[in-house]
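Visitor: Pasting the sequence and the predicted coordinates here, then a few questions.
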Amino acid sequence: MEKQTSFAAAEYSEKKKTTRREKFLFEMEKVVPWARLIAIIEPHYPKGKRGRPPIGVERMLRLYFLQNWYSLADEAMEDAIYDSHALRNFAGIDLGADAVPDATTLLNFRHLLETHSLTEAIFEEINAMLRERNIQMREGTMVDATIIAAPPSTKNQSGKRDPDMHQTRKGNQWYFGMKAHTGTDVQSGAVHSLHSTAANVSDLTPAHQVLHGEEKAVFMDAGYTGAQKRPEIVEKAPGAEFHIATKRSKLKAMAEGLYKDLAQGLERLKAQVRARVEHPFHVIKNLFQHRKTRYRGLPKNDAHLHTLFALANLFIAKRRLLAPAA
């Protein structure tokens, strides 16, 4: 988004320090395939033939991504644009010439993406770009799931908790919320498939939905024991070799000796591969600060997760995308 620089922007550009936020946004400016994503949204975006003209698609998409990167609600995003020059510069907004989109405009844009399943299309388009750059190789998949907590409070209009969320037990701790089931590329560490369920759904049940079918190897933790025998998984990935972690109790019960030492060495090798599956979870939960669901209902949160994981893939692959050879 190129436009004439105002006096205020020119004065700000003379500062001596580049902040971490500016550096991050500069990198994201380079790696996001703006033209391809805009082409997905434009057919569904209002043309402005009646009423006031709509704000450009690119500006709204940039604001939407800023909301996801910095975990901002609609009202908070509107305030942040007024407060931060770095955010205004990324969105292409000059307070002296442009109107800042209000919270309702941001809300309507998000509803547009949810209604037409455009967040899933954005997720697929970014993964397609990674495959074209030979970053996603599609030969190996790591399958895992993470729990996203949901507000347990009943202080709302209905007086009830979100009916799409459920509680589950992990170890000795109880959680209330949903699960994000992911299929992650072994080589790049980018998520290529995503499926959302309530937290009480077993990890093994939707495992076939996060496989793309071209795998030669599938890596899973001990929670997926028996996955290679399930017909829906065998049908989805018939040529895959499954590497599933052995349960700790079974490994501990082995007699001391060479066989146990070899089994433990094999488990360490499998764990070293599976460790990369945690990186996308770290990005969305710690860097993008998405530790709790923001909306009620599974469909809205699933759409939100598709956007978060799409942006997480760009963050994970940014070094290769920014490299001269790319």
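Guide: Perfect, I can see it now. Computed from a prediction, not measured in an experiment: that's the story for all the values here.
Visitor: I'd like the distance between Asn200 and Gln167.
Guide: As for Asn200, its distance to Gln167 is 7 Å (criterion: Cβ to Cβ, to the nearest Å). To be clear about C-beta, it is placed using only N, CA and C from the backbone, and glycine gets the same treatment.
Visitor: How many neighbouring residues does the nearest residue to Glu78 once chain neighbours are set aside have?
Guide: If you skip the residues right next to it in sequence, Glu78 has Ala103 as its closest partner in space, 5.1 Å away by Cβ to Cβ, 6 or more residues apart in numbering. The burial count assigned to Ala103 is 14, neighbours taken as other Cβ atoms under 10 Å.
Visitor: Tell me which residues touch Ala103, please.
Guide: Ala103 sits next to 73-75, 77-78 when contact means Cβ atoms under 8 Å, 6 or more residues apart in numbering.
Visitor: Test my guess that Trp113 contacts Thr119.
Guide: Just to correct that, residue 113 is Leu rather than Trp. Yes - counting by Cβ atoms under 8 Å, Leu113 touches Thr119, with 5.2 Å between them.
Visitor: which ones among the contacts of Ala103 are found in strands?
Guide: Counting by DSSP state E, no part of those is found in strands.
Visitor: Filter those down to the buried ones.
Guide: Buried positions within those, assessed by neighbour count (16 or more other Cβ atoms under 10 Å), are 74, 77-78.
Visitor: Among those, which one lies nearest to Pro46?
Guide: Closest to Pro46 out of the buried ones among the contacts of Ala103 is Asp74 (18.2 Å), distances taken as Cβ to Cβ.
Visitor: what about the closest residue to the closest one other than its chain neighbours, distance to Leu305?
Guide: Counting by Cβ to Cβ, 6+ apart, Ala103 is the residue found nearest to Asp74 once chain neighbours are left out, at 3.8 Å. Distance, Ala103 to Leu305, by Cβ to Cβ: 22 Å.
Visitor: Same question for Gly297.
Guide: In terms of Cβ to Cβ, Gly297 sits 13 Å off from Leu305.
Visitor: When the two are compared, which one has more neighbours?
Guide: Here Gly297 and Leu305 are set side by side on neighbour count (other Cβ under 10 Å), and the busier one is Leu305, at 25 against 13.
Visitor: How much space separates the more buried one from Lys270?
Guide: In this view, Leu305 and Lys270 are 27 Å apart by Cβ to Cβ.
Visitor: With Leu130 instead?
Guide: Applying Cβ to Cβ, one obtains 25 Å for the distance of Leu130 from Lys270.
Visitor: Tell me which of the two has more neighbours.
Guide: Comparing Leu130 with Lys270 by other Cβ under 10 Å, the one with more neighbours is Leu130, at 23 against 16.
Visitor: Got phi/psi on the nearest residue to the more buried one once chain neighbours are set aside?
Guide: When the adjacent residues along the chain are set aside, Leu130 lies closest to Gln136, with 4.5 Å between them (Cβ to Cβ, 6+ apart). Geometry field for Gln136 lists phi and psi as phi -90, psi 120, criterion degrees, to the nearest 10.
Visitor: in the chain, which strand has the most residues?
Guide: When the chain is scanned for its longest strand (criterion: DSSP E), the result is strand 173-185.
Visitor: residue boundaries of the strands in the stretch 201-326 of the chain?
Guide: With DSSP state E, counting those that start in this stretch applied, the stretch 201-326 of the chain shows strands at 217-220, 241-244, listed in chain order.
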